[in-house]
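Engineer: model this:
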Amino acid sequence: MYIEQNPSVKNILSLFAEPFGNKYNDFSEDMQQALKDISPCLFRKWYCSAIIDDTNLSPANIIDSMYSSSENHSVFSSRIDISDYPKHDLNFKFKKQEYPGSVFLDDLKAFIKLCDPAVEFSYETFADYRSFAKTQNTLFNTDMYYVSYISLILQYLGLIKKMPSIHTEKYQAVKEECKSFFAMSKEESMTKIVDTALDIFVEKLSQRMEVPITKNTKNGIKDAVCLSCVTDELFSYVFKLLGLDFDSIADLQNTQDVSEEDEMLITSVMYAGVLFDKWFFTPLGYYMGLFRQMYTVPYNLREELDFISPVLLTGCDMSAELFSPCNLFYMLPGTEKIWGKPQENDSPKLKESIPEKELKNIVEAGHLFEIMYYNSLMNSCYRGYIYRFKIYIKNSPEMWKIIDMPADSTLYEFGNEINTYFGLFENDFAFEYNKNEYSSRSRHRKLNSLKSTLSSLKLNMGSKLTYISDGDRANTFIIESSKKIKSEPVTIYPRLFRQSREITLSERNDEF
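Structural biologist: Numbers count the residues shown, from 1 in each chain. Sure thing, here's the model as predicted:
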């Protein structure tokens, strides 16, 4: 019996499949395709997240333990394939690691075969990857970021090279290098792969965060991994390279009034988290199977997609949305031979298999968590009519966001939402509509925005308002209104519904 056919495993996987299906059905057709594109990333994080808060009961840990014994700890690579969804159910696949990194090494070989004589492969967008994926089914993992990483590390290893081309991206195997590489033992091959993966990681850190890189940096990271399985302690080491105190920066996040410099430091920690997950934890953990990542908070798919949805159709790189660092990580059996030394402290892996009755209770608790969250959402959701506003910078109409507001919101509330979503920090602002000015300033008592509701303006499809920030009149926005529409079920308003590619790129440049 395949692992994915085991009734207990299917029961665990339902914790992902059911909320995914519910959210998929809520989306429009173009959003559904975008959701399918990112689904391997969503599954990856769910698979490594605790089902019950602050425990080590992740699907990855549970499934590994089900097929392990006290003498032999089994490790499985996992993936999701939804190319035929919703015509067919979500397709989950598992493959046992015969030795540390075995599945990844097999996929390296499979990709090299695609490069003989050559393969055309572009991974700039999910659409590009879809075209590539249709031509091959030899790789175990189908995540775009996974295949992109394989292509990258093979180039660093010198096993494939990019062919000279103007209009296409083609890669060709370097046969002599491949022959020499695969003549090594599996342990030697994986040691070289890990060494190259760390080179890529420290290079990305150096490029993106301007960290001074030396040979000792990579060795220091290897040592730090062995000293602790706590992610924050690894962060602390890297931030010392920058001359920064990680703990002090982390404490700033709990401070109400922070300076602009402090905000930059907080953002640097967030960005470092993205880099660590994308170039360290996920490649060495989920892709290669040398470490097991552990998120100690249950994964809330509905909440995650509410966060991602506004940028899902922008075509922008979504690393900032799809990668975030785990809380804990631990070496899987056999990794110490490749890494050079073992991890010293106790790992959060399960020591033994969970009895079936207890496993059912855990899965029921997972379903209960989803039901309780759904019910709390239902109770707090706005029910009524909303306006959908397209808001863009007056002199840059391509820089737009779409915000949904309850129809009974005041203009003062609406102004604060605009300030929030466009990153403005002004206390006073004004709206202009039908030759009237609605201002938050105290001297405009008659038409004070605190009292004027959106409904009172009797807006129709295409009605236009102007929003002016008092502190800087260059911050002038044009607002195009929809007619009143019914609110969607199980949706919290106000909400950011969508935004343009141009403003998303601008925000990424400003923030990171």
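
Engineer: and the gap between the residue lying closest to residue 482 once chain neighbours are set aside and residue 206?
Structural biologist: Leaving aside its chain neighbours, residue 482 sits nearest to residue 388 (4.1 Å; criterion: CB to CB, 6 or more residues apart in numbering). (Each C-beta comes from the backbone N, C-alpha and C, glycine too.) According to CB to CB, to the nearest Å, residue 388 and residue 206 sit 44 Å apart.

Engineer: These two: which has the busier surroundings?
Structural biologist: More crowded of residue 388 and residue 206, by other CB atoms under 10 Å: residue 388, with 17 against 14.

Engineer: what's the offset of stretch 6-14 from the middle of its chain?
Structural biologist: Chain-centre distance of stretch 6-14: 25 Å, with CA atoms, centre = their mean, to the nearest Å.

Engineer: list the buried ones in it?
Structural biologist: By neighbour count on 16 or more other CB atoms under 10 Å, the buried set for stretch 6-14 is 6, 8, 9, 11, 12, 13.

Engineer: what's across from the residue nearest to residue 482 in the sheet?
Structural biologist: residue 404 (DSSP bridges).

Engineer: From residue 341, how far off is it?
Structural biologist: 57 Å.

Engineer: Hmm, residue 221 is touching residue 195, no?
Structural biologist: No. Between residue 221 and residue 195 there is no contact under CB atoms under 8 Å: 11.7 Å.

Engineer: Compare neighbour counts for these two and give me the winner.
Structural biologist: Taking neighbours as other CB under 10 Å, residue 221 and residue 195 compare with residue 221 leading, 18 against 14.

Engineer: Please confirm that that one is located within a helix.
Structural biologist: Yes. The assignment for residue 221 (DSSP: H, G, I helix; E, B strand; the rest coil) places it in a helix.

Engineer: dump the residue contacts of it.
Structural biologist: 198, 201, 202, 234, 237, 238 (CB atoms under 8 Å, 6 or more residues apart in numbering).

Engineer: Next, work out how far apart residue 319 and residue 210 are.
Structural biologist: 18 Å.

Engineer: Neighbour count for those two, which is higher?
Structural biologist: Using other CB under 10 Å, the more surrounded residue of residue 319 and residue 210 is residue 319, with 18 against 9.

Engineer: Could you report the distance from that one to residue 277?
Structural biologist: Distance of residue 319 to residue 277, given as CB to CB: 9 Å.

Engineer: Ok, residue 308 next?
Structural biologist: Distance, residue 308 to residue 277, using CB to CB: 15 Å.

Engineer: so the nearest residue to residue 464 once chain neighbours are set aside bridges to which residues?
Structural biologist: Leaving aside its sequence neighbours, residue 464 sits nearest to residue 480 (CB to CB, 6+ apart; 5.8 Å). Assessed by DSSP bridges, residue 480 has beta-bridge partners residue 390, residue 464.

Engineer: May I ask you to confirm that residue 480 is in contact with residue 397?
Structural biologist: No. Using CB under 8 Å, residue 480 is not in contact with residue 397; the gap is 10.1 Å.

Engineer: Between these two, which is the more surrounded one?
Structural biologist: Here residue 480 and residue 397 are compared on neighbour count by other CB under 10 Å; more neighbours surround residue 480, at 17 against 12.

Engineer: residue contacts, that one?
Structural biologist: Taking CB under 8 Å, 6+ apart as the test, what residue 480 contacts is 389, 390, 391, 462, 463, 464.

Engineer: right, and the pair among these with maximum separation?
Structural biologist: 391 and 462 (14.2 Å; CB to CB).

Engineer: Neighbour count for these two, which is higher?
Structural biologist: More neighbours surround residue 391 than the other of residue 391 and residue 462, with 22 against 9 (other CB under 10 Å).

Engineer: who touches the nearest residue to residue 356 once chain neighbours are set aside in this structure?
Structural biologist: Nearest non-adjacent residue to residue 356, counting by CB to CB, 6+ apart: residue 8, 6.3 Å away. By CB under 8 Å, 6+ apart, the contact list for residue 8 reads 66, 356, 359, 360.

Engineer: repeat that for 7 Å
Structural biologist: Neighbouring residues of residue 8 by CB atoms under 7 Å, 6 or more residues apart in numbering: 66, 356, 359.

Engineer: Helix or strand: which one has it?
Structural biologist: Assigned by DSSP states H and E, residue 8 falls within helix 7-26.

Engineer: And the next helix or strand past that helix?
Structural biologist: Per DSSP H and E, the first helix or strand lying C-terminal to helix 7-26 is helix 29-47.

Engineer: Okay, buried residues for that next one please.
Structural biologist: Across helix 29-47, burial judged by 16+ other CB under 10 Å covers 31-32, 34-47.

Engineer: angle of it against helix 7-26?
Structural biologist: Inter-element angle recorded for helix 29-47 and helix 7-26: 150 degrees (by axes from the mean of the first three to the mean of the last three CA atoms, to 10 degrees).

Engineer: Hmm, residue 139 is touching residue 107, no?
Structural biologist: Yes. Under the contact definition of CB atoms under 7 Å, residue 139 touches residue 107, with a separation of 4.9 Å.

Engineer: And for residue 116, the neighbour number?
Structural biologist: 12.

Engineer: and if you look at residue 386?
Structural biologist: Using other CB under 10 Å, residue 386 has 25 neighbouring residues.

Engineer: Mind pulling up the pLDDT for it?
Structural biologist: Looking at residue 386, its pLDDT is 95.

Engineer: Can you report phi and psi for residue 78?
Structural biologist: Main-chain dihedrals, residue 78, degrees, to the nearest 10: phi -130, psi 160.

Engineer: Tell me which helix or strand comes right after the helix or strand harbouring residue 415.
Structural biologist: Using DSSP H and E, residue 415 sits within helix 411-422. Scanning forward in sequence from helix 411-422 by DSSP H and E, the next helix or strand is strand 429-433.

Engineer: Partner strands of that next one, with direction?
Structural biologist: Looking at strand 429-433 with DSSP bridges, its partner strands are strand 436-439 (antiparallel), strand 464-469 (antiparallel).
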